[in-house]
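Chemist: pasting the sequence and the predicted model now:
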Amino acid sequence: MALSMPAIMRTTAARLSALYLLLFAICAVLLVFYMTSLSARMLTAQTQETINDEVLGLARAYQRGGLPVLVRVVEQRSRQPGANLYLIADVNGQILTGNVQSLEPGVLEAEGWTTRPFSYRRFGEGVLERQRNPVADQNENETQSGESEVQAEGEKGHNAIALVLRLPNQMIMLVGRDLGEPERFRAVIRRALTLALGMMGVGGLLIWFFVGRAALKRIDSVSEASRRIMGGDLSGRLPVTGAGDEFDRLSENLNSMLARIATLNEGLKQVSDNIAHDLKTPLTRLRNRAEATLSGKYKATDYRQALEGTIAESDQLIKTFNAILMISRLEAGYSSESTSRVDLAASVRDVVELYEPVAEEAGVTLETSVQDAFAVEGNRELIGQALSNIVDNAIKYSTDSTAKPSVRVALDRVGREIRLSVTDNGQGIPDDADRARATERFVRLEKSRSQPGSGLGLSLAKAIMTFHNGRLDLLPGDPGLSVVMSFPEREDR
């Protein structure tokens, strides 16, 4: 999909990036001006300090020998190479000695520091220029005055600041320093900061552009996948690049949600199919029984027995529907039942006590093995219902044992799990595939069809364990079958 600049700018991320880039540019420009101004002030202060030191040295020379010594010292220092300027002029501003040939007009008129940098020309500069270009020098002499020459030289970069003093005899002394080196240093700083600003700005724009394009491509791929999913393809998933960024985390969470939705839809489809097929038989049987009763000539007691059978069959159907609804609610992760601390040992005792008469009537020995009192976070009624379903199945199918039928309920800890197991010594389920299918809705294995039931007991137990963040495992016994309910250990707060 082609991405244009207007499309990029319509995104919140691009707008925020542009805002941050603008703020960065403003701060960088202010930093350039601040650093340039700071360096200029520092160099000016350093230059003024150097001039003050020179003035103090000349003042000591004047105190030692008066004007003759001062002139001699000025002449000596003027011949030394460097950026310092020295000048002594008469009361009319006529230059008497020093290393300055001419000054910008008005510099010697005010005493003290010069208010701004002024232009000047040193001795010998005009001679060197005439040697390099005599024709230009001749034209210059014909068309320009001395004042304009000084200004022209000033435009070439000969600027300085100085301290102008009046001697006791009204003669003028000027001590200054050339600004060429500080100005070059300031220009270098300005160019460096400007170049750095430009490079950072260009880099920021390039990063913003390419990162924005990459982000938009990923968003477009997510949008395309979303459109396919909304079109009915629940098997589709959002792309995950493996970068581990926020896009990947969002895609992973949404993919988990889609997988959960697909699982719930599949469960709903299974429920619909199961209701359409597995519940059709008992409803048909119920109708046929009622029709047969009405078509025959029976006594009142016969009608009563038929009605009692119909009520019993209806109660079984109601139980089946309730189990289906409970399974659907638990698999959806929703339950109106409250959770609290559940003592598993007490639940085991209650269920065993409830089924002892049933086991005794069926000739099955019901044993318990509880090592300690274990507590989990969950719903007592749901856990009791799951355990009841498992114990009921174990009692029914242990009667197939060639030895004395027995069922053993055990509660212990294995690692960080609390395991509640129900083991019988019946024929069990030797095939792994059959054990995996046994926890599905309405699944009744071939040898189980002779026993009463709807095939929802283990399915409901599995849904209850999933609701409690546990698991239900069907393990082969020797002989028989062991159904294990594994709970995560409760963390006391």
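Modeler: Cool, the structure landed.

Chemist: let me know the pLDDT of the most far-flung residue of the chain relative to its centre.
Modeler: For the chain, the residue at maximal distance from the C-alpha centroid (CA atoms, centre = their mean) is residue 68, at 80.6 Å. What the model reports for residue 68 is a pLDDT of 87.

Chemist: now swap in residue 335 and tell me
Modeler: For residue 335, pLDDT reads 58.

Chemist: that older thread, for the residue farthest from the centre of the chain, give its distance to residue 74.
Modeler: 11 Å (CB to CB, to the nearest Å). Every C-beta, even on glycine, is put in place using the N, C-alpha and C of the backbone.

Chemist: returning to that earlier point: then the residue farthest from the centre of the chain would be within a strand, right?
Modeler: No: counting by DSSP: H, G, I helix; E, B strand; the rest coil, residue 68 is not part of a strand but helix.

Chemist: now do the same contact list for it.
Modeler: Counting by CB atoms under 8 Å, 6 or more residues apart in numbering, residue 68 touches no other residue.

Chemist: any idea how far residue 90 is from it?
Modeler: Distance, residue 68 to residue 90, by CB to CB: 15 Å.

Chemist: likewise for residue 178?
Modeler: According to CB to CB, residue 178 stands 24 Å off from residue 90.

Chemist: wait, residue 389 touches residue 457, no?
Modeler: Yes: between residue 389 and residue 457 there is a contact at 3.8 Å, judged by CB atoms under 8 Å.

Chemist: quick one: mean pLDDT for stretch 316-323?
Modeler: 75.

Chemist: from the chain's centroid, how far away is it?
Modeler: Chain-centre distance of stretch 316-323: 48 Å, with CA atoms, centre = their mean, to the nearest Å.

Chemist: may I see the buried residues of it?
Modeler: 320, 323 (16 or more other CB atoms under 10 Å).

Chemist: where does the prediction get shaky in the stretch 151-300 of the chain?
Modeler: Along the stretch 151-300 of the chain, segments meeting pLDDT under 70 span 151-157, 208, 211-213, 215, 234, 267, 270-279.

Chemist: for it, which segments count as helices?
Modeler: Listed in chain order, the helices of the stretch 151-300 of the chain (DSSP state H, counting those that start in this stretch) span 180-230, 246-277, 280-295, 300-331.

Chemist: reformat these as JSON lines; add distance to residue 484.
Modeler: Listed next are the helices of the stretch 151-300 of the chain as JSON lines, based on distance: least, CB to CB, whole Å:
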{"stretch": "helix 180-230", "distance to residue 484": "37"}
{"stretch": "helix 246-277", "distance to residue 484": "23"}
{"stretch": "helix 280-295", "distance to residue 484": "31"}
{"stretch": "helix 300-331", "distance to residue 484": "19"}
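
Chemist: nearest to residue 421 among those helices would be which one?
Modeler: With distances scored as CB to CB, the stretch of these nearest to residue 421 is helix 300-331 (21.2 Å).

Chemist: what's downstream of the closest one, the next helix or strand?
Modeler: strand 340-343 (DSSP states H and E).

Chemist: report the residue ranges of every domain in the chain.
Modeler: Domains of the chain are assigned by automatic domain parsing as 27-186, 234-273, 278-331, 340-488.

Chemist: most packed of these?
Modeler: Highest mean neighbour count of the domains of the chain: domain 340-488, a mean of 18 (counted as mean count of other CB atoms under 10 Å).

Chemist: could you tell me the end-to-end distance of that one?
Modeler: Start-to-end span of domain 340-488 (CA to CA, to the nearest Å) is 14 Å.

Chemist: so how far is it off the chain centroid?
Modeler: For domain 340-488, the separation from the chain centroid amounts to 45 Å (computed by CA atoms, centre = their mean).

Chemist: now the host helix or strand of residue 384: average pLDDT?
Modeler: For residue 384, the host element (DSSP H and E) is helix 380-398. Per-residue pLDDT over helix 380-398 has a mean of 88.

Chemist: helices and strands around it, which ones?
Modeler: Applying 3 or more CB pairs under 8 Å, 6 or more residues apart in numbering; DSSP states H and E, one finds that helix 380-398 contacts strand 340-343, helix 344-362, strand 406-414, strand 417-424, helix 457-467, strand 481-488.

Chemist: please export the C-alpha coordinates of the third one as PDB.
Modeler: It stands for strand 406-414. The C-alpha trace of strand 406-414 is given here as PDB (Å, rounded to 0.1, in the frame of the first residue of the first chain):
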ATOM      1  CA  SER A 406     -12.500 -50.600  45.000                       C
ATOM      2  CA  VAL A 407     -12.200 -46.900  44.700                       C
ATOM      3  CA  ARG A 408      -9.500 -44.800  46.400                       C
ATOM      4  CA  VAL A 409      -9.700 -41.000  46.900                       C
ATOM      5  CA  ALA A 410      -6.300 -39.500  47.700                       C
ATOM      6  CA  LEU A 411      -5.200 -35.900  48.500                       C
ATOM      7  CA  ASP A 412      -1.500 -34.900  48.500                       C
ATOM      8  CA  ARG A 413       1.000 -32.300  47.300                       C
ATOM      9  CA  VAL A 414       3.300 -32.900  44.400                       C
END
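
Chemist: kind regards, and thank you for your time.
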